[in-house]
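> sharing a model prediction with you, sequence too.
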Amino acid sequence: MKKFLISLLMLSAAAASCSRNNPFLEEWNTPYGIPPFDEIQLSDYIPAVTAGIEQQKQELDAILTNPDAPTFENTVAAYEYSGEILTKVSLVLFNLQETEGNEEMDKVVEEATALMTAHEDEMSMNKAFFERVKAVYDADQSGLTREQQMVLKNLYESFTRSGVALDEASQERLKEINQKIAAAQQKFGTNLLAENNAFKETFGVPVSAYPAEMTGCEDRDRREAMFKAYSSRGNNGNEYDNKALCLEILKLRAEKARMLGFDTFAAYQLDNKMARNPQTVDSFLGQIMGPAARKAVEEIADMQEIMDEDIAAGKLAEGSRIQPWDWFYYAEKVRQRKYALDEELTKPYFKMENVRHGVFAAAEKIYGVKVEPLSDVPVYNEAVDAFKVTDADGSLLGIFMTDYFPRDSKRGGAWMTNFRDQYIDAQGNDIRPIIINVGNMSAPKDSLPALFTIDEVETVFHEFGHALHGLVTKCTYPSVSGTSVARDFVETFSQFNENWAFQPEILAEYAKHYQTGETIPDTLVAKILKAEKFNQGFMTSELCAASILDMKWHELTEEELARMSEGDQAANVAAFEAKVCQEMGLPEQIIPRYRTTYFNHIFNSGYSAGYYSYLWAEVLDKDAFEYFRQQGIYNPEVARSFRENLMERGGSEEPMVLYVRFRGSEPDPGALLRARGL
């Protein structure tokens, strides 16, 4: 291995005109092993990807030529620890493309994606490798730990789900499909970023500020124009139109599923998730959509009353009715009237730095986790802050970073990701993770600091819930550590952490007025808590509608998608979306949280046929929080059990087994409806 790395370094130096070494082909002598962002150049990525692929090929060859009988250690564990260079470069490249993207970076990512997709296909369709894994899988597993059994199971199933049993011609077609999907997904994301930037140029605010802008905008014509621009992103018939790409991705996914023995891509995706099949998901979502839509109708009536007052005052034309572009504006008026809660009164108490302190304080109060700022460490942008996270005994849990504010190079939304995973290396060292939370929250403006809305406060707690899941993990193998769990389980921990955002004891820690330092008044806290279930008909309906739309697209067969791709694709996409919304009973004043052409979660991320997982995981999260309330909300034994039985275990056991160990029973589905007031 050392000789191979030395030769790679020599090749890298030559490729760089003998002037510098490629940082990805060297040990990172930086504090805590943080990537040396200031040393990395765009020209480093492809040589590093190429070197990483070659390294892993040689490591696989060593596994295959091992004369000893296949065992977990010489086959499965050896593969787990392979591909070090490729892992390093991919975690940096794809994370920075999401936050520091530009045309040059997009071209690098496109080339790297093609190389890595081909390499992954070659690995996952290697019959000789599969035979060694299968031999271990078919042998007596009683001598393996439960984590090893899960790693083995996942690897075995990854082969069967990747086409290892297909004939050579079918494998070549599947490789072609995977390449096309990867390229189309990348193009989808690039188009959406361009559309988001065009929206900002037109209206002067980023897409992330859309809800806040609509809430405070009295000009109904501007609200209508903003709504139509927002909801038609990727659907404007220009060079950034995503309709054809969506249909291409869906067709290719359906073909892939059919080749692997599944009727639809949804069936393929759910086969190894908690839900197991589309029918279970459809039934689950149907049980939520009905109560949510009925509640939304009540909310529409409340808003119409206030709109009628504006009509009577001559502010609006006779016969005006609530439209989709009116929802945020009139919902805020209802909230102020019903709960006397005005976000202009709460935002001064939610300065970004204070909210972040509150997130850290909650983690310490509940789990004993401590967070302290780091200086003089590498970061990829001056807006990024770094922190050291330790356990109650002082041991290092990991490095945490935040990147909260929007910029043109960053995609929309908020997310958590890793620059390094946690695992125990071959020498027995506990490699701790490097994790970042990225967002597009309200930035400092004029002379004001960054003051967050209530939703943004919840988002910060949400994403730190993911970070905690990754930071406290105690696993041996990288493929199951931290957030490497089933897609419909992973949101449990982020959504659970939201529950602490507005607990009075936690608020007292961080909700301080940015000018006076005054703690948020009890009267304002009471209003926030009273309004917790406000507008849940709308919020649940739009979320559930997006989940259903995702499922219905991926429940289409290859033949159905082929017909839809013929003729007027724009009309076909619009008609399908309208039909799905009508059948689910979505009120016409609400659109899905994401419409097809800007649904990045399912067309350029890992949530295809999986967006339902937010609601699915919320059942677990709300059931768990009910248990906390029953046992004492700050009961240290309950918190310890939640951490040890769930958060630390990653994907080392089946999700429901872990949950039952904590709770003593499976979750009550009604917990979600109770929490949302439905």
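Sure thing, it's come through. Numbering: from 1, shown residues only.

> residues of the helix or strand hosting residue 641 that come out buried?
Assigned by DSSP states H and E, residue 641 belongs to helix 636-645. Buried residues in helix 636-645, counted by 16 or more other C-beta atoms under 10 Å: 638, 639, 641, 642, 643, 645. In short, each C-beta sits where N, CA and C put it, glycine included.

> let me know the pLDDT of the residue lying closest to the third one once chain neighbours are set aside.
Take residue 641 and drop its neighbours on the chain: the residue closest to it by C-beta to C-beta, 6 or more residues apart in numbering is residue 662, 5.4 Å away. Residue 662 carries a pLDDT score of 97 in this model.

> same thing with residue 5?
On the pLDDT scale, residue 5 is placed at 43.

> could you do residue 411 as well?
pLDDT for residue 411: 89.

> and it, how many neighbours?
Neighbourhood size, residue 411 [other C-beta atoms under 10 Å]: 21.

> on that earlier part again, is it true that the residue nearest to residue 641 touches residue 642?
Yes - counting by C-beta atoms under 8 Å, residue 662 touches residue 642, with 5.7 Å between them.

> any chance you could list residues touching both of these two?
Contact criterion C-beta atoms under 8 Å, 6 or more residues apart in numbering; residues shared by residue 662 and residue 642: residue 624.

> export the buried residues of helix 636-645 to TSV and tack on distance to residue 258?
Listed next are the buried residues of helix 636-645 as TSV, based on distance: C-beta to C-beta, whole Å:
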residue	distance to residue 258
638	47
639	47
641	44
642	41
643	43
645	39
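
> I'd like these as CSV, with pLDDT and distance to residue 153 appended.
Output for those, formatted as CSV (pLDDT from 0 to 100; distance: C-beta to C-beta, whole Å):
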residue, pLDDT, distance to residue 153
638, 98, 30
639, 98, 30
641, 98, 25
642, 98, 25
643, 98, 25
645, 98, 20
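
> how is the chain partitioned into domains?
As given by automatic domain parsing, the domain ranges for the chain are 22-124+126-161, 183-341+536-611, 347-530.

> nearest to residue 618, out of those?
Closest approach to residue 618 among the domains of the chain (C-beta to C-beta): domain 347-530, 5.4 Å.

> quick one: distance of the closest one to the chain centre.
14 Å (C-alpha atoms, centre = their mean, to the nearest Å).

> before we move on, the earlier item: make CSV from the domains of the chain and add distance to residue 175 to it.
Listed next are the domains of the chain as CSV, based on distance: least, C-beta to C-beta, whole Å:
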stretch, distance to residue 175
domain 22-124+126-161, 4
domain 183-341+536-611, 11
domain 347-530, 22
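
> among those domains, which is nearest residue 634?
When the domains of the chain are compared by C-beta to C-beta, domain 347-530 sits nearest residue 634, at 6.8 Å.

> got the end-to-end distance for that closest one?
End-to-end distance for domain 347-530: 17 Å, by C-alpha to C-alpha, to the nearest Å.

> dump the residue contacts of residue 203.
Residue 203 is in contact with 213, 222, 225, 226, 229, counting by C-beta under 8 Å, 6+ apart.

> need the residues that contact stretch 276-292.
Contact with stretch 276-292 is made by 264, 266-267, 270-271, 275, 536-537, 540-541, 544-545, 547-548, 551, 555, 584-586, 609, 612, 615-616, 669, 672-673, 676, 678, as judged by C-beta under 8 Å, 6+ apart.

> which of these are buried?
Using 16+ other C-beta under 10 Å as the burial test, these include 264, 266-267, 270-271, 275, 536-537, 540-541, 544-545, 547-548, 551, 555, 584-586, 609, 612, 615-616, 672-673, 676, 678 as buried.

> show only the entries of the residues you listed found in helices.
In this view, these that belong to helices under DSSP state H are 266-267, 270, 536-537, 540-541, 544-545, 547-548, 551, 584, 615-616, 672-673.

> excluding chain neighbours, what is closest to residue 624?
Residue nearest to residue 624 in three dimensions, not counting chain neighbours: residue 496, with 5.9 Å by C-beta to C-beta, 6+ apart.

> look up how far residue 605 lies from the one residue sitting closest to the centre of the chain.
Nearest residue to the geometric centre of the chain (C-alpha atoms, centre = their mean): residue 415, 5.2 Å. Relative to residue 605, residue 415 is positioned 9 Å away (C-beta to C-beta, to the nearest Å).

> and if you look at residue 216?
Counting by C-beta to C-beta, the gap from residue 216 to residue 605 is 30 Å.

> higher neighbour count, the two?
residue 605 (17 against 12).

> the more buried one belongs to a strand, doesn't it?
No - remark: residue 605 does not belong to a strand; assigned using DSSP: H, G, I helix; E, B strand; the rest coil, it is coil.

> now residue 374. Its backbone dihedrals?
phi -120, psi 140 (degrees, to the nearest 10).

> measure stretch 260-278 end to end?
Here the two ends of stretch 260-278 are set 17 Å apart, with distance taken as C-alpha to C-alpha.

> can you show me the strands along this structure?
In the chain, the strands defined using DSSP state E lie at 370-374, 385-390, 396-403, 415-420, 423-424, 430-431, 434-438.

> wait, doesn't the residue nearest to residue 624 sit right on residue 627?
No - counting by C-beta under 8 Å, residue 627 is not a contact partner of residue 496; they are 10.9 Å apart.

> between the two, who's got more neighbours?
Each of residue 496 and residue 627 has its neighbours counted (other C-beta under 10 Å); residue 496 has more, 26 against 20.

> so what's that one up against?
Residue 496 neighbours (C-beta under 8 Å, 6+ apart): 465, 620, 621, 624, 625.

> contacting residues around the first one?
So that's residue 465. Residue 465 makes contact with 493, 494, 495, 496, 497, 498, according to C-beta under 8 Å, 6+ apart.

> make it 10 Å
Under the criterion of C-beta atoms under 10 Å, 6 or more residues apart in numbering, the neighbours of residue 465 are 359, 362-363, 416, 437, 491-500, 621, 647.

> so, low pLDDT: which residues of this protein?
Within the chain, the segments meeting pLDDT under 70 span 1-19.

> mind redoing it with 50?
1-18 (pLDDT under 50).

> surely residue 405 meets residue 414?
No - the criterion here is C-beta atoms under 10 Å, and residue 405 misses it with residue 414 at 11.2 Å.

> next, show the common contact partners of the two.
With C-beta under 10 Å, 6+ apart as the test, residue 405 and residue 414 both reach 208, 438, 439, 440, 441.

> now the last one. Nearest residue, chain neighbours left out?
Excluding its sequence neighbours, the residue lying closest to residue 441 (C-beta to C-beta, 6+ apart) is residue 456, at 4.5 Å.

> residue 223 against residue 322, yeah?
No - using C-beta under 10 Å, residue 223 makes no contact with residue 322, being 11.7 Å away.
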